[in-house]
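Chemist: Fold the stuff below for me.
(one chain, ligands or ions: 2)
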Amino acid sequence: MAFVITRMSNLFVRTLRDDPADAELPSHKLLVRAGYIRRVAPGVYSWLPLGLKVLRRVEAVVREEMDAMGGQEISLPALLPRDPYEVTHRWSDYGDDLFRLKDRRGVDMLLGPTHEELFALLVKGEYTSYKDLPVTLYQIQNKYRDEARPRAGILRGREFLMKDSYSFDLDEAGAKVSYASHRDAYQRIFARLGIRYVIVAATSGAMGGSASEEFLAESSNGEDTYVRSTESGYAANVEAVLTPAPAPVPTDGLPAATVHETGATPTIATLVDWANSALDHPVTAADTLKNILVKVHHPAGETEIVGIGIPGDRDVDMKRLEASFEPATVELLEQADFDANPFLVKGYIGPNGLLHNGARYLVDPRVADGTTWITGADEAGKHVVGLVAGRDFVADGTIEAAEVRDGDPSPDGKGTLVAARGIEIGHIFALGTKYTDAFGVDVLGENGKPVRLIQGSYGVGVSRLVGVIAEQTLDDKGLAWPRSVAPFDVHVVIANKDAGAADGALEIAQDLDASGLAVLLDDRKASPGVKFKDSELLGMPTVVVVGRGFADGLVEVRDRATGEVTEVALDAVGSAIAGTR
Ligand code: ATP
Ligand code: MG
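Modeler: Ligands and ions are numbered 1, 2, ... in the order given. I've put the predicted structure just below:
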């Protein structure tokens, strides 16, 4: 039997003592220092032998679970024609993130950032009957996006490996099943990879469509923020948090609203100061109703001015506001808009000025019927006190636009919300018919009539996962891979100049290899100190040290993750390692 022991003396790897200058995240620094990846250009990396092994192992887990859920693997080109992306407007909507290029005849092409269009067209071309459906197709392929800040190494590449799959169904019920089986498959993938993650409700984003969830790996270095409950499993994107509305309060017996001269009080702070000097009860910013004005541009072309009322102690969160208006886009009013609409008295805007002038007025869910507010009276220097929602004004609806803060009640009624950070590792998306409409992807239904297919789109960041696993497992000494993806199971270190020890180490390596473990043997002519440091940096889950004890028939078995060291007899190495698995 031919042994395939990889020897450090021969392995294409150079470890570095210093952190790369451009790296910010620990995983990025260590993957470079340990010789797993090398930067070629910003956001563009080469995978060296150790890195490629991890990448391939992650890829294998993803592939196995995609096959198990019924997906069929195909491979599309990354070099794509412009036309399909023109049909869906993504040629321009993608903006600067899209790598566009021209061929020798001047024809526009692009490097695929994601492939909804191509899969929809592919299914349209191949399938004609309801009998062919449902189908899930996937690929594991390089994607290209000209990311604005590719600073996190492989976590945000401009070329990166993604598993993208697409489901096609005849009806909503089928589409739900496809979505659910992807969700299950993703949970199995991330569990097998040992990743700590949460599933958060996402908003639909630029892709359009409805149901969408993101899988976020927990990491304080993540670029995504989300909130989670202190007491339940609730987790959501900040954009998707629904504010619990207080129950309506009866308005009988509440004092009538009164208008006051408040002087120059155009801000919440100045208004609160005035109220505390002029009224007979203490007032905080939370008692005031702040009205923000936005211009909403609807996809059909019209623009409207909308007033947004939120408690004065909260800021508007523009991302939440924008998500609430999607697919319309929003911008804050400019001075010219105030000039053109004299009923808008900047700093003194109240609900009724908006409502009486035909502007839509939406309120934060906390502005429930029966709640009392201090707010603008639509005249410079005047505010109204005791304005009661539902009695003195009736808003056109509620909107999620206010910031979410630590300590806010969790929408599921259990515990309070805290902010957390994560790295997006997967995204599942019920697209509906956005792309099948664009290309007219129909099959002949059972009743002989055409049926428009319902598409889902699902992505896993395969190369990003390598960075995520590194990030979640590393320590101050180096990488510390879980067994499921480690480049080698065991790192045998020869820490003894004696030739007999070297032979003994090789024998151990061969035995372990024969038992089905992948073995890396450090046979270099280097000091034990250098070798130990490298073994910690490289991060194989188990390190076997053949050192001084060898003469007495003993070697050390070190668990990289826990740091635990055990001395075992030569003939017990295999079982000692099996015990740590
Ligand atoms: P992000 O918000 O991090 O930019 P995204 O919303 O653009 O992600 P998708 O378009 O849903 O991501 O892509 C599917 C998956 O591909 C993501 O969940 C993520 O794991 C991975 N991914 C996206 N962009 C990159 C990138 N630049 N480098 C590496 N992986 C990426
Ligand atoms: Mg992105």
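
Chemist: Can you find which strand in this structure contains the most residues?
Modeler: Longest strand in the chain by number of residues (criterion: DSSP state E): strand 417-432.

Chemist: Now do the same for Pro246: helix, strand or coil?
Modeler: Here Pro246 is recorded as coil under DSSP: H, G, I helix; E, B strand; the rest coil.

Chemist: Spatially nearest residue to it, not counting backbone neighbours?
Modeler: With sequence-adjacent residues excluded and distances taken as Cβ to Cβ, 6 or more residues apart in numbering, Pro246 is closest to Ala368, at 4.8 Å. (Glycine included, C-beta is placed from N, CA and C.)

Chemist: Check Asp396 too.
Modeler: Arg360 (4.9 Å).

Chemist: Return the distance of that neighbour relative to Leu118.
Modeler: For Arg360, the distance to Leu118 equals 40 Å [Cβ to Cβ, to the nearest Å].

Chemist: For those two, work out which one has more neighbours and name it.
Modeler: For Arg360 versus Leu118, neighbours defined as other Cβ atoms under 10 Å are more numerous around Leu118 (19 against 16).

Chemist: That one: what's it in contact with?
Modeler: 76, 80, 84, 112 (Cβ atoms under 8 Å, 6 or more residues apart in numbering).

Chemist: And Val545, by the same measure?
Modeler: 493, 495, 532, 555-558.

Chemist: strands paired with the host helix or strand of it, and their directions?
Modeler: Assigned by DSSP states H and E, Val545 belongs to strand 542-546. Next to strand 542-546 in the sheet, as set by DSSP bridges, lie strand 490-494 (parallel), strand 554-559 (antiparallel).

Chemist: what about the stretch 251-400 of the chain, any weak spots by pLDDT?
Modeler: Applying pLDDT under 70 to the stretch 251-400 of the chain flags no residue at all.

Chemist: Equivalent analysis for the chain, please.
Modeler: Ranges of the chain meeting pLDDT under 70: 1-3, 203-210, 579-581.

Chemist: If we use 80, what do you get?
Modeler: For the chain, applying pLDDT under 80 flags the ranges 1-3, 202-210, 578-581.

Chemist: Which positions in it make contact with ligand 1?
Modeler: When proximity is defined as Cβ under 6 Å from any ligand atom, the chain approaches ligand 1 at 114, 145, 147, 156-157, 160, 162, 424-427, 459, 461, 463-464.

Chemist: My guess is Ala486 contacts Leu50. True?
Modeler: No. Using Cβ atoms under 8 Å, Ala486 is not in contact with Leu50; the gap is 9.5 Å.

Chemist: For ligand 1, what's its nearest residue on the stretch 451-581 of the chain.
Modeler: Gly461 (2.3 Å; Cβ to the nearest ligand atom).

Chemist: Just list whatever residues bridge to that residue.
Modeler: Met162.

Chemist: From Asp489, how far off is the residue nearest the centre of the chain?
Modeler: Closest to where the C-alpha atoms of the chain average out (Cα atoms, centre = their mean) is Glu424, at 2.3 Å. Per Cβ to Cβ, Glu424 is found 30 Å from Asp489.

Chemist: Same question for Glu126.
Modeler: 42 Å.

Chemist: more neighbours, the two?
Modeler: Comparing Glu126 with Asp489 by other Cβ under 10 Å, the one with more neighbours is Asp489, at 20 against 10.

Chemist: Report the contact partners of the nearest residue to that one once chain neighbours are set aside.
Modeler: In space, and not counting its chain neighbours, Asp489 is closest to Leu517: 4.2 Å by Cβ to Cβ, 6+ apart. Leu517 sits next to 489-490, 577 when contact means Cβ under 8 Å, 6+ apart.

Chemist: Kindly reformat these as TSV and extend each row with distance to Asp475.
Modeler: Compiled in TSV, those are given as follows (distance: Cβ to Cβ, whole Å):
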residue	distance to Asp475
Asp489	19
Val490	19
Ile577	21
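
Chemist: count of neighbours near the closest residue to Trp91 other than its chain neighbours?
Modeler: Among residues not flanking Trp91 along the chain, Tyr85 sits closest, at 4.2 Å (Cβ to Cβ, 6+ apart). Tyr85: 24 surrounding residues under other Cβ under 10 Å.

Chemist: Would you verify that Tyr85 is located in a strand?
Modeler: No. Tyr85 sits outside any strand when classified using three-state DSSP, being helix.

Chemist: Would you mind confirming that it makes contact with Glu117?
Modeler: Yes. The criterion here is Cβ under 8 Å, and Tyr85 meets it with Glu117 at 5.9 Å.

Chemist: now the strand or helix carrying Glu471, how far from the centre of its chain.
Modeler: Assessed by DSSP H and E, Glu471 sits inside helix 462-473. Taking Cα atoms, centre = their mean, to the nearest Å, the mean C-alpha location of helix 462-473 is offset from the chain mean by 13 Å.

Chemist: Compute the inter-axis angle for that helix and strand 417-432.
Modeler: Relative orientation of helix 462-473 versus strand 417-432 (axes from the mean of the first three to the mean of the last three Cα atoms, to 10 degrees): 160 degrees.

Chemist: Tabulate the CA atom coordinates of helix 462-473 in CSV.
Modeler: Provided in CSV are the C-alpha atoms of helix 462-473 (Å, rounded to 0.1, in the frame of the first residue of the first chain):
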residue,chain,number,x,y,z
VAL,A,462,-18.4,28.7,0.1
SER,A,463,-15.1,30.5,0.1
ARG,A,464,-16.5,32.9,2.7
LEU,A,465,-17.2,29.9,4.9
VAL,A,466,-13.5,29.1,5.1
GLY,A,467,-12.9,32.6,6.6
VAL,A,468,-15.9,32.3,8.9
ILE,A,469,-14.8,28.9,10.3
ALA,A,470,-11.3,30.3,10.8
GLU,A,471,-12.8,33.3,12.5
GLN,A,472,-15.0,31.3,14.9
THR,A,473,-12.3,28.8,15.9
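
Chemist: Can you name the residue of the stretch 301-450 of the chain nearest ligand 1?
Modeler: His427 (3.5 Å).

Chemist: and that residue, how many residues sit next to it?
Modeler: The burial count for His427: 21, using other Cβ under 10 Å.

Chemist: correct me, but it touches Ala201?
Modeler: No. Applying Cβ under 8 Å as the test, His427 and Ala201 come out as separate, 11.9 Å apart.

Chemist: if I look at the two, which residues touch both of them?
Modeler: 212-213.

Chemist: with the residues of the chain next to ligand 1 in mind, which one is nearest to Phe550?
Modeler: Ser463 (40.3 Å; Cβ to Cβ).

Chemist: residues touching the closest one, list them.
Modeler: 55, 154, 157, 160-162.

Chemist: Was I right to think the residue of the stretch 451-581 of the chain closest to ligand 1 contacts Ile469?
Modeler: No. At 11.5 Å, Gly461 does not count as touching Ile469 under the criterion of Cβ under 8 Å.

Chemist: sorry, back to before: can you classify the residue nearest to Pro246 as helix, strand or coil?
Modeler: Following three-state DSSP, Ala368 is assigned to coil.

Chemist: hey, where'd the strands end up in the stretch 351-500 of the chain?
Modeler: 360-363, 372-376, 382-388, 397-398, 417-432, 442-444, 450-452, 454-461, 490-494 (DSSP state E, counting those that start in this stretch).
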